[in-house]
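Participant: Coordinates for the following, if possible.
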Amino acid sequence: MGLEDFIDKAKDFVTGADDKVAAEATAATGAAEGAAADAQDAGESLLDKAKELLSDENVDKLADKVKEFTPDSVDGLVDKVADKAQELNDRFES
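Facilitator: As a prediction, this is how the structure comes out:
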């Protein structure tokens, strides 16, 4: 094996390593994009579930339940909190 053969093999090794790194980087980029899409879908799903759970009807039900277990003197405060929650719901509906 001459010096030229050694240099050619070194070039092939480096080129092969570059190709392998490029392929792995491409695969990692694809995996990251897939994970980002999955996270976005999960976030949207959680947001939809939160909107459903915090509907105006459910806020009213919760306020009524709280009033059952608290003194009448705090009913006004419970109503104010429920109204504020419903206002916030209106802002996020779309």
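Participant: Please name the nearest non-neighbouring residue to residue 92.
Facilitator: residue 51 (6.7 Å; CB to CB, 6 or more residues apart in numbering). Heads up, the C-betas are built off the backbone N, CA and C, glycines and all.
Participant: I'd guessed that neighbour sits against residue 91; true?
Facilitator: No - between residue 51 and residue 91 there is no contact under CB atoms under 8 Å: 11.3 Å.
Participant: Between the two, tell me which one has more neighbours.
Facilitator: Counted by other CB atoms under 10 Å, residue 51 and residue 91 do not tie: residue 51 has more neighbours, with 13 against 7.
Participant: which secondary structure element contains the more buried one?
Facilitator: Using DSSP states H and E, residue 51 maps to helix 3-53.
Participant: what helix or strand is residue 81 on?
Facilitator: Residue-wise, residue 81 maps onto helix 75-92 under DSSP H and E.
Participant: export that helix as PDB, just CAs?
Facilitator: In PDB, the C-alpha atoms belonging to helix 75-92 read as follows (Å, rounded to 0.1, in the frame of the first residue of the first chain):
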ATOM      1  CA  ASP A  75     -72.000  34.600  48.000                       C
ATOM      2  CA  GLY A  76     -71.400  38.000  46.400                       C
ATOM      3  CA  LEU A  77     -67.700  37.300  46.200                       C
ATOM      4  CA  VAL A  78     -68.300  33.900  44.600                       C
ATOM      5  CA  ASP A  79     -70.500  35.500  42.000                       C
ATOM      6  CA  LYS A  80     -67.900  38.100  41.200                       C
ATOM      7  CA  VAL A  81     -65.300  35.400  40.700                       C
ATOM      8  CA  ALA A  82     -67.600  33.400  38.500                       C
ATOM      9  CA  ASP A  83     -68.400  36.500  36.500                       C
ATOM     10  CA  LYS A  84     -64.700  37.200  36.000                       C
ATOM     11  CA  ALA A  85     -64.100  33.600  35.000                       C
ATOM     12  CA  GLN A  86     -66.900  33.900  32.400                       C
ATOM     13  CA  GLU A  87     -65.400  37.100  31.100                       C
ATOM     14  CA  LEU A  88     -62.000  35.400  30.600                       C
ATOM     15  CA  ASN A  89     -63.800  32.500  28.800                       C
ATOM     16  CA  ASP A  90     -65.300  35.000  26.400                       C
ATOM     17  CA  ARG A  91     -61.800  36.400  25.600                       C
ATOM     18  CA  PHE A  92     -60.500  33.000  24.700                       C
END
